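K.L.:
model this:
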Amino acid sequence: MLVVERDADSRNEGLLNQVQSRRVKPVKWWATIGVLSLSLWAYVWIRWVASGDVRPTPNGPTPIPHWQVFVAHAFEVGNLLVLAAVVYFVVIRGWQKKQQLTNDGMLVIAFMTMYWQEMLASYFRPLFTYSTAFYQWGSWANFYPTMLMPRSQFIAQPILWEWSNYGFVVIGGAVVGCVVMTRAKIRWPALGKVGLAATCFAVLGTLDLLMELAWLRVGLYAYPQTIGWLTLFRGHTYQFPILEAVLWGATWTVFACLRKFVDGRSHMFSDRGIEELKVSTRRRTGIRLLAVIGIVNSIFFTYNVLCALSTLHAGPWPTSIVNQSYMTDNLCGGQTGISCTNLTTPVPKSP
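P.N.:
Got it, this is the predicted structure:
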């Protein structure tokens, strides 16, 4: 009788193990999303390059102040130098020391893969415009599947400056957020994860506000369409939508939590189930990298959707921006036949 019971228990245990092994691990889901994100990026950029539309957006009739040209190029050079340092010390040196990609190395790479989504925030109407003082070749926004905003190919995307921001500003904010949560836990031991995240959000939202106001003041870019009562310095070229600090502060906080809250093996949330995969170390690292690419692109996509929806409630372009043609990105005004100051449709939703 005991032998029969033991046989039954072993069979049940075997069936349970088979069911668990067949279950799709979360890390595989995230890795699949990572592959999809990279595929969409390749699709959009290949179509953009093959189209022949890779050309600079014209400045328009308004001359760009020489000091703004200098500042824009100085930021480009400075960003590239900082990015090179981050890639070397965080990605390459980290790999050499650990003989595999570290969490921070994966995050730096993953954050840079988010850049292709940049203009999804302007899916309906332009959330931002960039100064044509940067080195720029227009944008690939019109090759997003079902993109609704017309003339989106003229957004003057400053690839050298903005893409490098994804490589070190985003990870820098995540590191700051982790430091804030660590200090907060020491100061208030009773704080749980929600309280720590809330503290992190307050700091990172404020950091984004201060950082962007500095960039706006020197004319690197502009927010031409904002919700009036949620706007700081409304009507000026450096007007700033408070909602941006809220949404990006929240997104930055999620990235910081992804970095900080790891398990005993230093596995991030996106790595769940990785230890159950019977694969080589190199392949496991590849799966982990794809998974973190998938999760950060999903988070960033959510941010972009919320930003895009906010533009549907935005008011007209201020004349301070309209009068500077190098900040309108050829989206409206001038010879475009589209009014930038029309209250109802500053830029139409469809051609």
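
K.L.:
What lies in contact with stretch 108-116?
P.N.:
If you take Cβ atoms under 8 Å, 6 or more residues apart in numbering as the criterion, stretch 108-116 is touched by 37-38, 40-41, 44-45, 86-87, 90-91, 101, 140, 162-163, 166-168, 170-171, 255, 289, 292-293, 295-297, 300. Heads up, the C-betas are built off the backbone N, CA and C, glycines and all.

K.L.:
swap the cut-off to 6 Å and go again
P.N.:
With Cβ atoms under 6 Å, 6 or more residues apart in numbering as the test, stretch 108-116 has contacts from 41, 44, 90-91, 163, 166-167, 170-171, 292-293, 296-297, 300.

K.L.:
can you check stretch 326-345 too?
P.N.:
Contacting residues not belonging to stretch 326-345 are listed as 57-60, 62, 64, 126, 129, 131-132, 151, 154-156, 222, 316-317, 321-322, 346-347 [Cβ under 6 Å, 6+ apart].

K.L.:
Now that stretch: average pLDDT?
P.N.:
Regarding stretch 326-345, the rounded mean pLDDT is 74.

K.L.:
Then stretch 79-97?
P.N.:
Mean pLDDT, stretch 79-97: 96.

K.L.:
from the middle of its chain, how far away would it be?
P.N.:
20 Å (Cα atoms, centre = their mean, to the nearest Å).

K.L.:
quick one: the strands in this structure?
P.N.:
With strands called from DSSP state E, the chain shows them at 129-130, 221-222, 231-232, 240-241.

K.L.:
Please name the strands paired to the second one in the sheet, noting orientation.
P.N.:
This points to strand 221-222. Sheet pairing of strand 221-222 (DSSP bridges) gives strand 129-130 (antiparallel).

K.L.:
Contacts for the partner strand, please.
P.N.:
By Cβ under 6 Å, 6+ apart, strand 129-130 touches 156, 158, 221-222, 224, 327, 329.

K.L.:
buried sites along the longest helix along the chain?
P.N.:
Assignment by DSSP state H gives helix 281-311 as the longest helix of the chain. Within helix 281-311, the residues scored as buried using 16 or more other Cβ atoms under 10 Å are 284-285, 287-297, 299-300, 303-304, 307-308, 310-311.

K.L.:
Name the nearest residue to residue 119, sequence neighbours excluded.
P.N.:
Closest residue to residue 119 apart from its sequence neighbours, by Cβ to Cβ, 6 or more residues apart in numbering: residue 141 at 3.9 Å.

K.L.:
what's the answer for residue 120, then?
P.N.:
Spatial nearest neighbour of residue 120, excluding adjacent residues (Cβ to Cβ, 6+ apart): residue 304 at 3.9 Å.

K.L.:
before we move on, back to that, tell me what the longest helix of the chain is packed against?
P.N.:
Applying 3 or more Cβ pairs under 6 Å, 6 or more residues apart in numbering; DSSP states H and E, we find helix 281-311 packed against helix 26-51, helix 103-112, helix 242-260.

K.L.:
Run the chain-centre distance for the last one.
P.N.:
Relative to the chain's own centre, helix 242-260 is displaced by 10 Å; criterion: Cα atoms, centre = their mean.

K.L.:
again, but for stretch 277-284
P.N.:
On Cα atoms, centre = their mean, the centre of stretch 277-284 falls 28 Å from that of its chain.

K.L.:
So for it, mean pLDDT?
P.N.:
Mean predicted lDDT for stretch 277-284 stands at 85.

K.L.:
Now do it: distance from first to last residue.
P.N.:
Its start and end residues considered, stretch 277-284 measures 8 Å (Cα to Cα, to the nearest Å).

K.L.:
And the helices in this protein?
P.N.:
2-22, 26-51, 66-86, 93-98, 103-112, 159-187, 193-217, 242-260, 281-311, 319-322.

K.L.:
So for residue 229, which of those sits nearest?
P.N.:
helix 242-260 (9.2 Å; Cβ to Cβ).

K.L.:
Could I get the buried residue list for the closest one?
P.N.:
243-260.

K.L.:
Same check on stretch 181-188?
P.N.:
For stretch 181-188, by 16+ other Cβ under 10 Å, it's 181, 184-185.

K.L.:
Leaving out the residues flanking it, which one is nearest to residue 60?
P.N.:
Leaving aside its chain neighbours, residue 60 sits nearest to residue 325 (2.5 Å; criterion: Cβ to Cβ, 6+ apart).

K.L.:
Could you check how far the residue nearest to residue 272 when sequence neighbours are not counted is from residue 244?
P.N.:
With Cβ to Cβ, 6+ apart as the criterion, residue 272 has its nearest non-adjacent residue at 4.2 Å, and that residue is residue 26. Distance, residue 26 to residue 244, using Cβ to Cβ, to the nearest Å: 31 Å.

K.L.:
likewise residue 226?
P.N.:
For residue 226, the distance to residue 244 equals 9 Å [Cβ to Cβ].

K.L.:
Run a quick neighbour tally on the nearest residue to residue 248 once chain neighbours are set aside.
P.N.:
Nearest residue to residue 248 in three dimensions, chain neighbours excluded: residue 208, at 4.9 Å (Cβ to Cβ, 6+ apart). For residue 208, the neighbour count with other Cβ atoms under 10 Å is 21.

K.L.:
With the one 3 residues further on instead?
P.N.:
The burial metric for residue 211, expressed as a neighbour count using other Cβ under 10 Å, is 14.

K.L.:
pLDDT wise, what is the nearest residue to it once chain neighbours are set aside at?
P.N.:
Leaving out its chain neighbours, the residue that sits closest to residue 211 by Cβ to Cβ, 6+ apart is residue 169, at 8.0 Å. For residue 169, the pLDDT comes out at 97.
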